[in-house]
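Asker: Give me a 3D structure for the following:
(one chain, ligands or ions: 1)
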Amino acid sequence: MPLKPRGPGPSPGGFRKNSVFLFELRLFHHILCRMKRYFDTENDIEEVLEYLPEAVCPHCGARGALVRHDNIWRSGGAENGLRGKRVFCDNRKGRGCGGTVAFWLSDTLRGRCLRAAELMRFILGVLAGSSVWKAWKNAETGMTIRTGCRTFTRFVDTQSVIRTELFGLTPPTLQGKEKTSLSATLKILKETLGVNAVSAYQKTLQKTFP
Ligand SMILES: [Zn+2]
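Answerer: Here you go, the predicted model:
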């Protein structure tokens, strides 16, 4: 009978143990990364920053390495308002990873000049049956109609993402039939999260509005 090779070969169940370990590691990392990122007011962000010495970096898992970094302003500077605050994972003395973490006001739409309140005014206009041009004008964003058209197209492209996210919040069933799937999505958004639905989406789901 041939002898089994000795040494650190794959033990029975070893692969399974490894995959369970990797799963637990991923789960642990996922929990670490679930840091609250959207807040209603600057004071709410400040409250969180008080606990920075005990916080864990979502990038590298280091505890106590996060320090205040800077404020994030709307284009045009401080007079146009705060968008959020950034903290830095201090990599001096080999502690952290040098990454940054941003805490956002829920009225801020990341990567866009538009504010959540302005976008919501546009949505309410569209829902009221106004044309894209009129709804954009009434939203008083100060931006061109071209941006309005792009914003509308973005709704069309991302409506399935919005619908999927809202599904987890058990949205109410719509009464009556909507003309298009987009108007149904926007109506569900408003009926689930209220008249400030865009910022409520970011604060409730802790995700950027698509
Ligand atoms: Zn880090």
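Asker: domains for this protein, by residue range?
Answerer: For the chain, the domain assignment from automatic domain parsing gives the residue ranges 33-105, 116-205.
Asker: for the ion, what are the nearby residues on this protein?
Answerer: Counting by Cβ under 5 Å from the ion, the chain comes close to the ion at 57, 59-60, 62, 89, 96-97, 99. The way it works is simple: take the backbone N, C-alpha and C, and place the C-beta from them, glycine included.
Asker: Farthest pair within these?
Answerer: For the residues of the chain next to the ion, the farthest-apart pair by Cβ to Cβ is 62 and 99; their separation is 9.8 Å.
Asker: shared neighbours of those two, anything?
Answerer: Contact criterion Cβ atoms under 8 Å, 6 or more residues apart in numbering; residues shared by residue 62 and residue 99: residue 89.
Asker: which one's the longest helix in the protein?
Answerer: Using DSSP state H to define each element, the chain has its longest helix at helix 145-167.
Asker: what helix or strand is residue 46 on?
Answerer: helix 42-49 (DSSP states H and E).
Asker: Run the chain-centre distance for the helix or strand that that helix is followed by.
Answerer: Using DSSP H and E, the next helix or strand after helix 42-49 towards the C-terminus is strand 66-73. Taking Cα atoms, centre = their mean, to the nearest Å, one finds the center of strand 66-73 at 18 Å from the center of the full chain.
Asker: Strands along this structure, start to end?
Answerer: Assignment of strands within the chain using DSSP state E yields the ranges 38-39, 66-73, 82-89, 100-105.
Asker: my read: residue 101 touches residue 35, true?
Answerer: Yes. When contacts are counted by Cβ atoms under 8 Å, residue 101 is listed as touching residue 35 (6.9 Å).
Asker: if I look at the two, which residues touch both of them?
Answerer: Residues touching both residue 101 and residue 35 by Cβ under 8 Å, 6+ apart: residue 58.
Asker: Between those two, which has more neighbouring residues?
Answerer: When residue 101 is set against residue 35 and neighbours are counted by other Cβ atoms under 10 Å, the residue ahead is residue 101, at 19 against 15.
Asker: And for that one, nearest residue in space, chain neighbours not counted?
Answerer: Distances taken as Cβ to Cβ, 6 or more residues apart in numbering put residue 87 closest to residue 101, at 5.2 Å, once the chain neighbours are dropped.
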